[in-house]
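Novice: No letters, just coordinates:
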């Protein structure tokens with residue numbers, strides 16, 4: 001039997017439309033399918049709790065699919081570059097195939113592995129597939145990376161070519177003797193004591209089959225109304241594909257092939273724009289790898305943020321007294337996900353009403369989101385804070401009350417996640433502190449006890465934020 005090829009799985013946990021898998025299988029050599037859990041390489045950005053739960057189940061689904069194809073997943077832990085190199089030596093492998101990632105540590109890993117194995121005459125081949133267009137492909141007219149989304153969007157559209165997805169191989173030949181492996185359970189990814197993941201289990205089906213089911217549902221039930229439905233958190237108007245995309249259980253080109261973008265397909269076109277925004281975030285991270293930690297606009301390093309652990313904790317727990325904010329934060333804690341419109345509302349509240357640094361919100365989302373993606377998380381938080389590329393202007397401050405009344409007019413979303421105020425009439429559901437005493441008594445609400453009063457006044461905190469931004473812009477000391 002010929003020398004094997006190692007297929008290093010990373011965030012590409014699928015068999016369909018995998019360029020790396022297709023190429024590895026085409027060699028005719030046995031394939032060793034490997035996954036390495038390497039928390040050390042990621043530094044402060046190792047996967048958070050919700051992502052680790054998802055990863056456990058996604059790896060389990062991948063292993064089952066590989067076994068059906070006559071192979072299995074080899075799991076190990078340690079520094080990934082060294083582990084893959086050791087595995088190559090053990091197996092006498094002649095090549096390592098992998099799908100690209102774009103986080104700074106992942107880019108460094110790819111370079112280090114190539115340098116290490118080329119000295120041993122072992123080929124390392126990288127393949128795309130996580131994005132619509134690779135970050136080096138699109139450039140401005142001056143040959144520089146894009147900093148503004150709209151011209152980036154136009155450039156990406158020019159590069160898109162819809163192609164039929166590569167089918168999953170029916171068989172993936174394995175070596176006669178498989179290398180040693182940890183069990184997926186031994187990776188320690190699931191919470192056991194306490195087991196806080198009940199809401200995640202109720203909400204999600206990780207794995208390639210779950211991704212396909214989510215896409216089928218979106219196309220059948222939500223795509224036609226997506227331009228309007230994506231702003232209604234009480235409805236199932238979004239795709240919920242983000243965690244499946246992040247873990248590579250489905251690729252963006254697979255989605256593109258199913259959408260049939262064209263005349264009269266406003267929903268499909270709007271969704272493609274969101275896929276391109278995801279590419280834009282990866283493009284920014286690839287070319288400016290410091291954005292998860294430092295503002296894209298360097299001058300924002302001097303912005304007068306406030307340290308307010310009490311307010312931050314109230315925000316994290318969904319106890320701010322603003323129902324639209326609290327509903328979103330409770331949905332996040334229970335399900336590992338939050339509706340996109342509500343993400344903007346909750347993020348704006350943290351960085352503008354509370355003047356808490358965007359990095360604190362980014363870190364909380366990183367730990368609690370099942371779709372925690374370094375590029376999207378960093379770029380979107382900086383967009384809200386005004387410090388990012390093509391960011392929202394500093395004076396855009398969402399009013400959580402009017403946002404709720406506009407996008408959750410009957411309070412269905414709020415009532416689902418804040419049952420203690422569910423009995424309030426619609427006109428008070430987004431502003432319970434304005435309800436008369438008899439309405440509060442009838443609804444069984446004791447403000448300040450059963451549900452908090454607002455931790456800040458909207459008008460006052462908006463004025464404080466505007467003053468802070470204006471003083472900062474003029475180079476003053478800011479408002480604290």
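Specialist: Cool, the structure landed. As the structure is a computational prediction, the values presented were derived from the model and not from experiment.

Novice: where exactly do the strands run in the stretch 1-150 of the chain?
Specialist: Under the criterion DSSP state E, counting those that start in this stretch, the stretch 1-150 of the chain contains strands at 5-9, 31-37, 73-77, 95-99, 123-127.

Novice: other SSEs contacting the third one?
Specialist: Using 3 or more CB pairs under 8 Å, 6 or more residues apart in numbering; DSSP states H and E as the contact criterion, the elements in contact with strand 73-77 are strand 31-37, helix 49-68, helix 80-91. For the C-beta atoms, the positions are set from N, CA and C on the backbone; glycine is no exception.

Novice: Need the residues that contact it.
Specialist: Strand 73-77 is contacted from outside by 9, 32-38, 59, 62-63, 66, 83, 87, 178-184, 186-187, using CB atoms under 8 Å, 6 or more residues apart in numbering.

Novice: before we move on, back to that, which of the strands of the stretch 1-150 of the chain sits most buried?
Specialist: Comparing the strands of the stretch 1-150 of the chain by mean neighbour count (mean count of other CB atoms under 10 Å), strand 5-9 ranks first with a mean of 26.

Novice: by how many degrees do that one and strand 31-37 diverge?
Specialist: Strand 5-9 runs at 40 degrees relative to strand 31-37, counting by axes from the mean of the first three to the mean of the last three CA atoms, to 10 degrees.

Novice: follow-up on the earlier one: format the helices and strands packed on strand 73-77 as a markdown table; extra columns: mean pLDDT and distance to residue 146.
Specialist: Formatted as a markdown table, the helices and strands packed on strand 73-77 follow (pLDDT from 0 to 100; distance: least, CB to CB, whole Å):
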| stretch | mean pLDDT | distance to residue 146 |
| --- | --- | --- |
| strand 31-37 | 98 | 33 |
| helix 49-68 | 98 | 28 |
| helix 80-91 | 97 | 30 |
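
Novice: nearest to residue 210, of those?
Specialist: helix 49-68 (7.5 Å; CB to CB).

Novice: In contact with the closest residue to residue 389 other than its chain neighbours, which residues are there?
Specialist: Nearest non-adjacent residue to residue 389, counting by CB to CB, 6 or more residues apart in numbering: residue 147, 4.6 Å away. The neighbourhood of residue 147, defined by CB under 8 Å, 6+ apart, consists of 284, 389, 390.

Novice: Check the second one and give its pLDDT.
Specialist: As predicted, residue 389 sits at a pLDDT of 92.

Novice: isn't it right up against residue 379?
Specialist: Yes: using CB atoms under 8 Å, residue 389 makes contact with residue 379 at a distance of 7.2 Å.

Novice: what's the overlap in contacts for those two?
Specialist: residue 284.

Novice: Comparing those two, which residue is more hemmed in?
Specialist: Neighbour count, other CB atoms under 10 Å: between residue 389 and residue 379, residue 379 has more, with 27 against 22.

Novice: Counting by contacts, list what whichever strand or helix holds the more buried one packs against.
Specialist: Per DSSP states H and E: residue 379 is located in helix 374-385. For helix 374-385, the elements it packs on are helix 266-287, helix 340-348, helix 358-368, judged by 3+ CB pairs under 8 Å, 6+ apart.

Novice: So what's the gap between the helix or strand following it and the chain middle?
Specialist: Next helix or strand after helix 374-385 toward the C-terminus (DSSP H and E): helix 400-407. Relative to the centre of its chain, helix 400-407 is centred 25 Å away, using CA atoms, centre = their mean, to the nearest Å.

Novice: Other residues contacting the following helix or strand past helix 400-407?
Specialist: Next in sequence after helix 400-407, counting helices and strands by DSSP H and E, comes helix 412-417. For helix 412-417, contacts defined as CB under 8 Å, 6+ apart pick out 233-234, 318, 323-324, 326-328, 330-331, 334, 339, 342, 404, 408, 421-422, 429-430.

Novice: So how do I select the buried members of those in ChimeraX?
Specialist: Applying 16 or more other CB atoms under 10 Å to the contacts of helix 412-417, the buried members can be selected in ChimeraX as follows:
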select :233,234,318,323,324,326,327,328,330,331,334,339,342,404,408,421,422,429,430
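
Novice: how much space between residue 54 and residue 62?
Specialist: Remark: distance between residue 54 and residue 62 (CB to CB, to the nearest Å) = 12 Å.

Novice: Kindly report the same for residue 430.
Specialist: In terms of CB to CB, residue 430 sits 43 Å off from residue 62.
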